[in-house]
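Undergrad: got a predicted model here, sequence first, then my questions.
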Amino acid sequence: MTSSPSTTLPEARSAVQTTRLPLATAAVWAVSAAIVGYALIFGGYAATIISFALIYAVFVSGLNVFMGLTAQVSFGQSAFAAIGGYSSAVLTTTYAWPPLAGMSAGLVFSLLAAWAIGFPTLRLKGHYLAMATLAIGLITYEIAVEWESVTQGYLGISGIPPLGIGPFEAVSDRQILVVLSVVVLVIAFAVKRIQHSRLGRSFAAVAGSEEAAATLGINVARTKLVSFLLAAGLASISGSLFVHVVGYVSPEVFGLHMVILAFSMVYIGGLGTVAGPLIGALIVSILPEVFRGMKDSQDLAYGIALILILIYAPKGIAGVAGAFDARRAA
Amino acid sequence: MDNISLVLQSLISGISIGCVYGLIGIGFCVIYNASGIVNFAQGAFVMIGGMATSVLMTDFQLPYAAAAIGAIIIAGIVGAAVERLVVRPLWNRNVAIFVMILATLAAQIVIERMAYILVGDQPKTLPPVSDLPPMMLGGVAVNIQSLWILASSLIIIAALNVFFKTSRTGKAMRAVSINAEAAVLQGIPVSRMLTLAFVISAMLGAIAGILLTPTQYTAFNVGVPFAISGFIAAIIGGFGRPLGAFIGGIALGVIQSMAILELGAGFKNVAALSLLLLFLFFRPSGLLGSTR
């Protein structure tokens, strides 16, 4: 009755050859675009909320590659967001680097860390993989708190410059929103391309069965590591984006809360889909604003909602839309 | 090491907190053996133990023992509710392992928030079980509560051992953990055993919370760190092995208190998590070898 804990399911995602337009999936994109468009037009508070949602969408896209496409699990992606975020923060404030250089350095640090961590960690499966990655995330959090000479502990680092290249800086709500939208679209396009590439198919093969994938000549360990590096890289970029948009960073940003929030987004949006991370991030970010009145019971409602979704709609919004399109095409 | 009695003192406090980690770890094992599920809502039961006892004593004027028993029963009921409302529906749908982990984490948040709404965010504490000054053993001050923790833990472990070895229900639960299909064929109500596992595990967590609260404090959000410590204890011992979890808990408690002594309190969690990673990387089956 209990299968071995060697994880998970994603039904080999058959590339649906369809002549009809995938209407439901298009609708998911249209809704996302409408939400971002609304924020762009009205600006102000709405733009702030949607900016955070887009930053989370970057983070969740990485999680989606690792969990959705490759069927591995990491509760510790916050570690790489922290490395990216703190690299950007420290390099642009103390050392006055330009934002893009700080972000790139953070990316390099994150990838190196992910590579070093990936070797021993990715051999683990099931609960062990979940716990090891959770521990890595929590250790990174503790380091951010304790390494005061660099991170200034709980106080955090403030005065981080806005995003920008050379003389161009994204300062206003709308400019930030445009930059983030472009980043999210580029990443979604890249994920789509990866999904249908040789690499993406090897992810799917590993997801289906590691033994079978190995039999087909796929280097399972390396495939998992590549997927992990992609996820870590996107997490790192999202961390950097966050600190530049907010202008401030503290350890709390990268705590367990971030991980649980990201998991909710990936499940609500639809694990293993391209549109899922975006729509999931948007919905999870907007919902608390809708229920502002019930401040104390917000987390309660949110926990209950997550449980209900896991039980009754485990494919998420984009997953349901994709299934709908597939049925129409058949 | 300048002061040997200081070392001994933190050794003793490490052992006593380690016993509590051990009890939480055993809670993980009981559920894991019955189902293969790792229940991350375990910390919520620890929180309920301390909080409910405190509320029953102050708001309902119950005597200590009655409040403690009441708290253990409440935790048991919540445990059954988690199993029926969250775990069972997912279990029936045969979900992936990390969906179950995420769902139990969400259950943890829900219970935490309910406690927050019902009782507020003020930290609460409990009086020590017996109001005696620390005992001096050759220059080493021994907190009496530590002795209570040690004694209670040993009694509970002995009682659990008797339950699993001799009682009909205990034997049935062991049969389920060895082979669920075969247990069904023997007429054992496997699904009821899973509920029972959650109840026992919740009660163990509550007992841990009650024993622990007098030495520190409790609040609605203390659960997750304790759940992680309990999980580490279970991994060190070999997942699914109650005795291993207890030994692992003591090892973890001692290493943590040594880390506090040598490196400062900030490194308590880093030490614990590093120990976890060492075991996961080099000996994932733990000291005694895991059950699955």
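TA: Great, that's in hand.
Undergrad: make it CA atoms for all contacts and neighbour counts henceforth
TA: Will do.
Undergrad: who touches the helix or strand hosting A:Ile143?
TA: Here A:Ile143, judged by DSSP states H and E, is contained in helix A:126-146. With Cα atoms under 8 Å, 6 or more residues apart in numbering or on different chains as the contact definition, helix A:126-146 has outside contacts at A:5-7, A:73-79, A:82, A:121-122, A:151-154, A:250-252, A:254-256, B:38, B:97-98, B:266, B:269-270, B:273-274, B:276-277, B:280, B:284.
Undergrad: same check, this time on stretch A:271-278
TA: With Cα under 8 Å, 6+ apart, stretch A:271-278 has contacts from A:10, A:25, A:28-29, A:32, A:53-54, A:57-58, A:60-61, A:64-65, A:67-69, A:184, A:188, A:191-192, A:265-266, A:268-270, A:315-319.
Undergrad: so which of these sit within helices?
TA: Residues of these located in helices (DSSP state H): A:25, A:28-29, A:32, A:53-54, A:57-58, A:60-61, A:64, A:184, A:188, A:191-192, A:265-266, A:268-269, A:316-319.
Undergrad: report the buried members of the residues you listed.
TA: For the ones in helices among the contacts of stretch A:271-278, a neighbour count by 16 or more other Cα atoms under 10 Å in any protein chain shown gives the buried set as A:25, A:28-29, A:32, A:53-54, A:57-58, A:60-61, A:64, A:184, A:188, A:191, A:265-266, A:268-269, A:316-319.
Undergrad: find the nearest non-adjacent residue to the residue in the stretch 151-300 of chain A positioned nearest to chain B, please.
TA: Nearest residue of the stretch 151-300 of chain A to chain B, counting by Cα to the nearest Cα: A:Leu300, 5.0 Å away. Distances taken as Cα to Cα, 6 or more residues apart in numbering or on different chains put B:Val110 closest to A:Leu300, at 5.0 Å, once the chain neighbours are dropped.
Undergrad: how far away is the most centrally placed residue in chain A from chain B?
TA: The centroid of chain A falls nearest to A:Val60 when counting by Cα atoms, centre = their mean (1.7 Å). Per Cα to the nearest Cα, to the nearest Å, A:Val60 is found 15 Å from chain B.
Undergrad: what residues are up against that residue?
TA: A:Ala235, A:Ala262, A:Phe263, A:Met265, A:Val266, A:Pro277, A:Ala281.
Undergrad: any chance of the residues you listed in CSV, plus secondary structure and distance to B:Ala251?
TA: Formatted as CSV, these follow (DSSP: H, G, I helix; E, B strand; the rest coil; distance: Cα to Cα, whole Å):
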residue, secondary structure, distance to B:Ala251
A:Ala235, helix, 35
A:Ala262, helix, 34
A:Phe263, helix, 33
A:Met265, helix, 38
A:Val266, helix, 37
A:Pro277, helix, 41
A:Ala281, helix, 41
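Undergrad: can you count the residues close to B:Gly76?
TA: B:Gly76 is flanked by 27 other residues according to other Cα atoms under 10 Å in any protein chain shown.
Undergrad: how about residues contacting the helix or strand where it lies?
TA: B:Gly76 belongs to helix B:64-82 when elements are defined using DSSP H and E. For helix B:64-82, the surrounding residues in contact (Cα under 8 Å, 6+ apart) are B:45, B:48-50, B:52-54, B:56-57, B:107, B:195-196, B:198-203, B:206-207, B:210.
Undergrad: now that helix: buried residues?
TA: Buried positions in helix B:64-82, judged by neighbour count with 16+ other Cα under 10 Å: B:64, B:67-82.
Undergrad: which stretches of the chain have low pLDDT?
TA: If you meant another chain, say so; for now it's chain A. A:1-21, A:166, A:291-296, A:330 (pLDDT under 70).
Undergrad: oops, chain B please
TA: For chain B, the ranges with pLDDT under 70 are B:1-2, B:138-139, B:291-292.
Undergrad: residues from it in reach of chain A?
TA: Counting by Cα under 8 Å from any Cα of the partner chain, the residues of chain B close to chain A are B:35-36, B:38, B:86, B:89-90, B:93, B:96-99, B:102-103, B:106-107, B:109-110, B:113-114, B:117, B:180-181, B:266, B:269-270, B:273-274, B:276-277, B:280-281, B:284.
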